[in-house]
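K.L.:
Need the 3D shape of this:
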Amino acid sequence: MRKKVLVALMVCLSVLTCMYAGGSGEKKAAAEGKIELTFYTRINDTFTEEIAAFETAYPNVKVNRVGIGSDYDDLTTKYIASSVSGELPHVGLVSQRYGIPQLYDAGVIVPMDDLMTQEEKDDILDVYWGRYTYKGTKVALPYQVSMPVLYVNLDLFEEYGVDIPKTWDEVIDAAKKLTIDANGDGITDIYGFNMPSDAPWYINGLIKAAGADVVTGEKSVNINQPEVIAFFESIQDLAANGAMPSNQHSTAKDDFNNGSLAMLLNSCAGNGSVSKGVNGKFNYAMVTFPSINGEICAPLGGNGLAVFKSTPEMEALAWDFVKFMTSTESYSGFSMNKGYMPITKSSMEDDVVKARLADPFWKETYDQVDHLYGQPINPVDATIWNNINSILSIIEEDSSADVSALVLDMQNQIDDFLEEY
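P.N.:
Numbering: from 1, shown residues only. Modelled structure (predicted):
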């Protein structure tokens, strides 16, 4: 059963290449005579300052950070391969996007319920547990928590006299008004709206706001709902009207940064790269995720930390590392500067965090915490994600594509997956 679960995830991710840069195990770091704690992350997640601070606090420990691939697909696939081979890390960065249920079902993760006191669990902002709880068990600990916001080019809105949108219908209207052929040559110079390659993330929140509860149980997943179909049709209409470039999600962030896109749905943690990319060319703001029917459902994003099974001593040390990384001091000193949200209720009382809360630029983002939505995680998450991307690819290119049929096909694939899992 365990291997069947792991193989199922590898198939649904469709990632066949495994990138690995080292092994793990309870051993001494030979050169330094220290206990070695292996920590898996993505390649670009260096955590240099955080690890140095932990090693200062724990001078007998050497953290061996192993970078795996460029994205969560690579990292999750590596966990699956390591689960089969037995070469697991002690601690790992895990994506809430997909994969946690399979790792839990494979029996390789130490649940947070086994590591945390009730007081520690209660201190985590309640909504964050939504993407890290499976079968009633808190499996991993939320860490670098992000949420989507709407980035707007304020100069364009002011120049063309368009109000900043608050609802999805207003986004559509503004997008059409801000699609501009600046020199009259028949070629669009500025598009109104787009989403990056992680478009399913934003869509999950928008269809929830529209009234679609997709995941309601372990074997109860229903994407074939009128609200879902209507939302995809609104995307199809945006592309057909030329207000959103067709199948250009991979360049959406760059398009916004260079001024050729008026609005971009993007992570609040992306502000650093946006600020660097815009580089003062125009004024921009992060505003609240669009509402539908008066509801704002900003989907929870980012990653968590998982402790993998080893020995009681190493699991305890791994938990010490996770506690350090998620502490108020680590948040205010490191994660906050990367654009991530507070993890704990107690951190909201920190003076550095309070200063961020009072910053007008960040106000709407932090106010949005009350509207975060953590859809229950499910083994079928990757199937949903991949199918949403497939549907977008079709409907943005073909204005006559039958959205209802595409959504029905996705539902059939979901049903097939759950039946076989």
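
K.L.:
Burial check on the residue nearest to residue 366 when sequence neighbours are not counted, number of neighbours?
P.N.:
Excluding its sequence neighbours, the residue lying closest to residue 366 (Cβ to Cβ, 6 or more residues apart in numbering) is residue 357, at 5.3 Å. For every residue, glycine as well, the C-beta is placed using N, CA and C. When counting by other Cβ atoms under 10 Å, one arrives at 16 neighbours for residue 357.

K.L.:
what about residue 357, distance to residue 205?
P.N.:
Using Cβ to Cβ, to the nearest Å, residue 357 is found at 22 Å from residue 205.

K.L.:
Could you list which residues are in contact with the residue nearest to residue 366?
P.N.:
348, 363, 366 (Cβ atoms under 8 Å, 6 or more residues apart in numbering).

K.L.:
Against residue 349, how distant is it?
P.N.:
From residue 357 over to residue 349 (counting by Cβ to Cβ), the distance is 11 Å.

K.L.:
And for residue 72?
P.N.:
As judged by Cβ to Cβ, residue 72 and residue 349 stand 32 Å apart.

K.L.:
Now do the SS call for residue 182.
P.N.:
Three-state assignment for residue 182 (DSSP: H, G, I helix; E, B strand; the rest coil): coil.

K.L.:
Make sure it is actually in contact with residue 189.
P.N.:
Yes. Contact criterion Cβ atoms under 8 Å: residue 182 and residue 189 qualify, at 4.2 Å.

K.L.:
The two: who's more crowded?
P.N.:
Under the criterion of other Cβ under 10 Å, the comparison of residue 182 against residue 189 puts residue 189 first, with 13 against 10.

K.L.:
where does this structure have low pLDDT?
P.N.:
Where the chain drops to pLDDT under 70, the residues are 1-32.

K.L.:
and it, what are its domains?
P.N.:
Following automatic domain parsing, the chain resolves into domains at 2-146+300-373, 148-298+380-420.

K.L.:
circling back: neighbour count winner among residue 72 and residue 349?
P.N.:
Ranked by neighbour count (other Cβ under 10 Å), residue 72 and residue 349 place residue 72 first, with 20 against 11.

K.L.:
Tell me, how many residues neighbour the closest residue to that one other than its chain neighbours?
P.N.:
Leaving aside its chain neighbours, residue 72 sits nearest to residue 95 (3.7 Å; criterion: Cβ to Cβ, 6+ apart). Neighbours of residue 95 under the rule other Cβ under 10 Å: 21.

K.L.:
Quick check: what element follows the helix or strand where residue 355 lies along the chain?
P.N.:
Using DSSP states H and E, residue 355 falls within helix 351-357. Counting by DSSP H and E, the next helix or strand C-terminal to helix 351-357 is helix 360-367.
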